[in-house]
Each structure stands twice: as C-alpha cells, then as structure tokens.
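Trainee: dropping the sequence and predicted coords here.
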Amino acid sequence: MLKLIAILLDGLSYSAWLFLVAVGLTLIYGVMRILNIAHGAFYAIGAYACATALGLYYGAGWSGAGAFLVMGLTAIATGIVVGLAIERGVLRRLYGRDEVLMVLVTYALFLILEDATKMIWGVESYFVYQPYAYFGFIDVGGLPYQVYDLLVVAVAIATGLALWLWLTRARMGRMMIAVVADREISAAMGINVPRIFAITFAIGTVLAALAGVVTAPKIAVAPGIGVEVIILAFAVVVIGGLGSIPGAALGAVIAGFARAVSVHLAPEFELFAIYAVMAIVLAIRPYGLFAAQGERKI
Amino acid sequence: MMTIDFRRDPINILLLAALLIAGFFLPSWLRFLLQMAVAGGLVALGVMIQMRAGLVSFGQGLYYCIGAYAVGMLAVKMNVTELGILIPAAIIVTAVVGGILGLLLSRYRDIFFAMLSLALSMILYGLLVKAAWLGSTDGFNIPAVSYLGHVPAQAVREDWSYVLTVVLVLISCFAVARYLASGAGALCDAVAQNELRLEYLGTSARKVVFIVYLVAATISGLGGALAAVAMGHIGPEMTNWTTSGGFVFVALLAGRGSVIAPVLGFFLLELVRTYALDYAPNAWQMILGAVMLAVILLLPEGLWSLVRRRSAK
C-alpha cells in the first residue's frame, strides 16, 4: 500500500517536473518550427541563476517565504534576457531555413551556452536546499512526503492553465495561434510575425528557466544538468505530439508515471522506461498522440 | 543544390592512402591520434552519407559503441581474441541492429529522424552506465588480440593495429564510394530534394533511406571495432550524445563533397582538440559551437567546397 502511494506521489511530482521542462520546448516548436536544443542550456542557466540569487538572498541574512518571490523573479528575468538575446542575436537571421538546419544551429548555441555557464559559474556544484526544506514533510496515508514536491505539481498545473488561458483568451495569445495555423496569412492580416516569434521565444525561455529555478533547490547545480533535460523533454514532447501543449501535459503524465513505476519496481530500467514508452507510442502513432501527420515534402 | 562528382573519389582515396602510408612514420603519439581519427572518421562518413539524404543522425555514436562493445564483450566475456572473428562479428552485430532499427527509423524524416536517433543512442548509454558487470561509466579494457593466429610482440603491436585500421578504413572508403555511385546511393539526393517525385518514378523512398541507414550503421560499427582494438579500452562515452555531436560537427564541417572529407576532417578536429584542451579546457565546446555557427552561416557546403571551388577554376 505504501509502495502504491509512493508510486502515485512520485509519478505526480515527476510528471509535473517533466511538464515544466517540456512545455517551453513544445511552445517554441509549435509557433516557430524550431526544435530548440538550447532549451537544456536555458534550464541550466535558470538553475544557476536561482542558486546565485538565493545565495545573495540568504547571504543578506533574509529568510522565509520571500525566497519564493526571488525564485519567480529570477526565472522571468533570466528567461527574458537570455531568450531575447538569442532570438535577436542569432535566430532572427535564420528564419525560414530548413528545420534540420535549425536543430544544428540550436545545437551549436547549446554548446556555446554550456561553456558560457562554466565560465560564469565555474565547474563546482552549488547547493541551495533551504526552499526545499522550508515546508517540511506532510503525512500522506502514512508516508511522509516533501511538501515542496507537491507544490511543484501546483506550479505545473498553474503554468499550464495560465498558458492555456493566455493562448485562448488574450489577444497576443490568439495571434500566436493564428501564426501556428498559417504564418503567411497571419502576416497578410497584419500580424507582426517577427514580433510574435520574439515573444514566443522569450516565453519559452522563461518556462525553461522556471523549470531550472524550481529544480535548483532539489539538486546539486553542476555542469551537465542541461544535457539530460533536453533529451527527456524531447521524449515527453514526442509522446504527446510536437507542438501540442495538451500533448506535452499528457506526455509528461505518461512518462512521469512510467518512470515512477520503474523506479519502485525495477530501478535498473529507470531511464529506459521513458524511452520504451516513447518507442511504443511512436510505433502506433508515428507523430505522437496529439499531432496530425504532416504533409509530405514536395 | 550542389552537384557532386564522385568520379573523383577513387583519386581522393588514393591520396588518402598515400597520406596514411606516410602517417606510418609519424611520431607514435601523433600516429595514434591519426589512427583513432580515421576510425572515428568512418562514423563521421556514416553521418555524412545520411546527410546526403537530408537526414541528420544525432545518435551515430550508437553504432560506434555497439561495434566497440561487440569486440570488447567477445574478447573479455568469451575469450575470443582472434581479429578474424572479432571484426566480422562486430560488423554483423551492427548490421543486424541497424537493420532492425532501420525499419523503424526509415519512416521518419527531418527532426524526428534526428531526435529519435539521438534517443536510441541515449537508451544504450543509459543501459551501459547502469550495467555494473560492464564497468558502468568506466568501461573495461580489452586484451591483446591476434591477427589470424599471429600475436604480434609488444614492441610492434601498435604497428600492426595501425596497418589494420588503415587497410580497413581505405577498403570502407572504396566501398562507400562505390555505393554512392550506385543507383541506391545516387537516389539519396533525390530523397532529400523531392521524395514524392521519387516515388512517381517507381522507387520506394523508405527503401533508399533504409539502405543508407544500414550502410552508415555498418561502417560506424566497423569504426567502433577498430577504435576498440586501437585503444584497448572502451566505455559508454562512445554512445554519449557529445560523441555523436562531434560526428555531426565533422560531417557538417567537411561537407558532402567527398568520402575522404569526413575522415580527414575528423583528424583535424582531434588535432585541434588535443591542443585546445591544453590551453582552454572550458572553452572547447564554445569554440566548436562558434565554428559550427560560422560554417552554417558562411559555408553551407562545408570546408570541402573550398577545395572543389579551387579545382573548378
């Protein structure tokens, strides 16, 4: 019974984490048709920035709930600065090129950003466990569980809802949907497509940084954390269908629970479980659960 | 789209042969570097021929690793140290795996192909890192091997393995050049340009992709087997995505102009890496990334296009 509760809770919190990691990737792909490998680097930069910001915060002698405000602001600030710099500096010159070429470009950006983070933050690990310990444990059916992990679930749900509301209700969000549907017609209707691209990329980057910020208190922030993330995020996004936000949510839940089950029942296949799910989904629906099959290239 | 003249390839391969023969007399550290580089160059060549079909394999390290582990596991776990068995076994294993995965991957194009090949290579990485009986992240050593029953003395062991690598790499280059000049090879370009029309002509695009994937897998496996014999040590790092990224980098940088371009390109990369890691260990990836961006922006056909432009004049 305890094991079942543990699987459920772990599955839930891991799904939430996967959703946070993957949603920015799928948003950027959906609007811009760029599979952004640098997403992993944005995640790492978010985590490092969080470590630095919280280090300053606690260093100044403050404590308590203000740390969470700092974390939120860090995610938004780093995401906007880094995202806009990359979009304005590099990607803007390459719009309209082949999708595969854009993968290579973002791969090159990833390599550059990885070393840039090493230059800024060094190669040693950072620990900011205080926010993780702040809420302590809660007893769920006899199993003590970290409240922070459950809060991540709330953050993920709130993020997903906010994004969905924004895309369906807000003016800018609806313009984004129009650009997804047809880039040229939207431009002809007077939508400033390059501006939409810049905003989308900034939002996607903020989401990646947010995932990093949320994760930073739970892990040792060290070089190499971005690599694992991009591959996991890709698996999640592919299960759901590239470019689909409900798809990312469903993919995250499937992959999260697959991992939770395997961690508790067959730990040696932990990493394997997510990819196995991905392979099964792709064998049945080659373009993921939520995406329509694209037209063939002519 | 550039036109590619592979009739020049036999001449290019002869040039490569001359270079590698001259390489025999290099100082031993540099010759070892050259040997490892041409073995890895076969993998970069595998990436390059897939690029001609418009497919970027971000996980070619998978076959590099499988080839190496086929040799390593036969040698260590089953005590087979005869190269006459090890090398063919490695080729067969990678061809079988490539054939099975090729059935799945030949359905995909573009980024799906790129990211699925990456995911597959990372699955193997994840399994190897967890496999304590295979040394986890450290990998394991491979004992000295015999050449058709002859075990060379310690002093000349490196000479033997250099010659073996060079001979097999040159044969592979010839084979790939033949393949590229054949119908199935020539159709790769057509897949990249217009798949639908290709099918109107009565050819299956999936079949063309399957064949190029299989050829790439097989030579990558051979490259891995040769690297395993040369180095005497293997580890899961061979299928990590940074390794695969290096192969993509070389293929992109070298361009699609000649079968020897990736092989030479890989040597240049290794040479630069050796020095760069000394002087700026934390800037190496940044240099790679910056060069890659510059090549994409300024030289879309790769460095080899400079050579060809010259000879065209």
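Mentor: That came through, no problem.

Trainee: how near is the residue of the stretch 51-200 of chain B found nearest chain A to residue B:179?
Mentor: Going by CB to the nearest CB, chain A is nearest to residue B:126 of the stretch 51-200 of chain B, at 3.6 Å. All C-beta spots, glycine's among them, are computed from the backbone N, C-alpha and C. To residue B:179, residue B:126 is 32 Å away according to CB to CB, to the nearest Å.

Trainee: confirm that residue B:256 sits in a strand.
Mentor: No. Under the criterion used here (DSSP: H, G, I helix; E, B strand; the rest coil), residue B:256 is coil, not part of a strand.

Trainee: wait, it touches residue B:50, no?
Mentor: No. With contact defined as CB atoms under 8 Å, residue B:256 does not count as touching residue B:50 (10.2 Å).

Trainee: who touches residue B:36 in this structure?
Mentor: B:227, B:230, B:231, B:270 (CB atoms under 8 Å, 6 or more residues apart in numbering or on different chains).

Trainee: give me the subset of these that lies in helices.
Mentor: When DSSP state H is applied, the contacts of residue B:36 are split such that B:227, B:230, B:231, B:270 fall in helices.

Trainee: for the second one, give me the pLDDT.
Mentor: So the one you mean is residue B:230. The model reports residue B:230 with a pLDDT of 86.

Trainee: ok, it - contacts?
Mentor: B:32, B:35, B:36, B:39, B:161, B:162, B:165.

Trainee: do the third one as well
Mentor: For residue B:231, the contacting residues are residue B:36, taking CB under 8 Å, 6+ apart as the criterion.

Trainee: so what's the residue of the stretch 51-200 of chain B closest to chain A closest to, chain neighbours aside?
Mentor: Excluding the flanking residues, the one nearest residue B:126 by CB to CB, 6 or more residues apart in numbering or on different chains is residue A:271, at 3.6 Å.

Trainee: any idea which helix or strand carries that neighbour?
Mentor: In this assignment (DSSP states H and E), residue A:271 forms part of helix A:270-284.

Trainee: who's in contact with that helix?
Mentor: In contact with helix A:270-284 (CB under 8 Å, 6+ apart) are residues A:232, A:235-236, A:238-239, A:254-255, A:258-259, A:261-263, A:269, A:288-289, B:104, B:116, B:119-120, B:122-123, B:126-127, B:130.

Trainee: got the phi and psi for residue B:139?
Mentor: phi 70, psi -160 (degrees, to the nearest 10).

Trainee: I'd say residue B:265 and residue B:247 touch.
Mentor: No. With contact defined as CB under 8 Å, residue B:265 and residue B:247 do not form a contacting pair (10.1 Å).

Trainee: who has more neighbours, those two?
Mentor: Ranked by neighbour count (other CB atoms under 10 Å in any protein chain shown), residue B:265 and residue B:247 place residue B:247 first, with 29 against 25.

Trainee: which residues touch the residue nearest the centre of chain B?
Mentor: By CA atoms, centre = their mean, chain B has its centre lying nearest to residue B:43, at 0.6 Å. Counting by CB under 8 Å, 6+ apart, residue B:43 touches B:60, B:61, B:63, B:64, B:219, B:220, B:223, B:224, B:247.

Trainee: okay, those in TSV with pLDDT, distance to residue A:153 and secondary structure next?
Mentor: Output for these, formatted as TSV (pLDDT from 0 to 100; distance: CB to CB, whole Å; DSSP: H, G, I helix; E, B strand; the rest coil):
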residue	pLDDT	distance to residue A:153	secondary structure
B:60	90	38	coil
B:61	90	36	helix
B:63	93	40	helix
B:64	92	40	helix
B:219	93	48	helix
B:220	93	42	helix
B:223	92	46	helix
B:224	92	43	helix
B:247	88	40	helix
